[in-house]
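[1] Sharing a sequence plus its predicted fold:
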Amino acid sequence: MTQHTASTHPWPQSFDKLFRSYLTLGEGEEMTAELNPAERGLDSLATVGLLLDLEQAFGVTIPDDLLASLTNADIGGWWALLERAGASAEPQADQ
């Protein structure tokens with residue numbers, strides 16, 4: 001009855017949980033690196049909210065010139081962009 005584990009993904013469980021809160025996934029559906037967020041309900045307005053939440057959770061700022069790369073990015077692309085901005089496997093404590 002295991003749904004997903006952090007060890008099967010390159011991102012931390014906190015990223016998984018936060019990202020899932022913005023998506024429409026079936027119960028027990030795995031969030032894979034290849035999953036296209038737009039196909040699971042992430043529209044342009046939700047993208048802004050998710051981006052702000054991820055920046056705050058991981059204590060990073062995504063440079064404006066990289067934002068366009070999120071338009072067609074899959075979940076793995078989102079995490080890779082956060083890593084390039086300095087995100088680590090553990091989110092920052094509330095500030």
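    Yep, that arrived. Numbers count the residues shown, from 1 in each chain.

[2] Contacts for the lowest-mean-pLDDT helix or strand in the chain next, please.
    Ranked by mean pLDDT, DSSP states H and E, the weakest helix or strand in the chain is helix 64-67, scoring a mean of 85. Here helix 64-67 makes contact (C-beta atoms under 8 Å, 6 or more residues apart in numbering) with 51, 81, 84, 85. Where you see a C-beta, it was placed from the backbone N, CA and C, and this is true even at glycine.

[3] Please apply the same query to stretch 41-59.
    By C-beta under 8 Å, 6+ apart, the list of residues contacting stretch 41-59 from outside reads 14-15, 18-19, 22-24, 37, 60-62, 67, 70, 78, 82, 85-88, 91-92, 95.

[4] Tell me which two in the contacts of helix 64-67 are the farthest apart.
    Within those, two members stand farthest from each other by C-beta to C-beta: 51 and 84, at 14.0 Å.

[5] Looking at those two, which is more packed in?
    More neighbours surround residue 51 than the other of residue 51 and residue 84, with 16 against 13 (other C-beta atoms under 10 Å).
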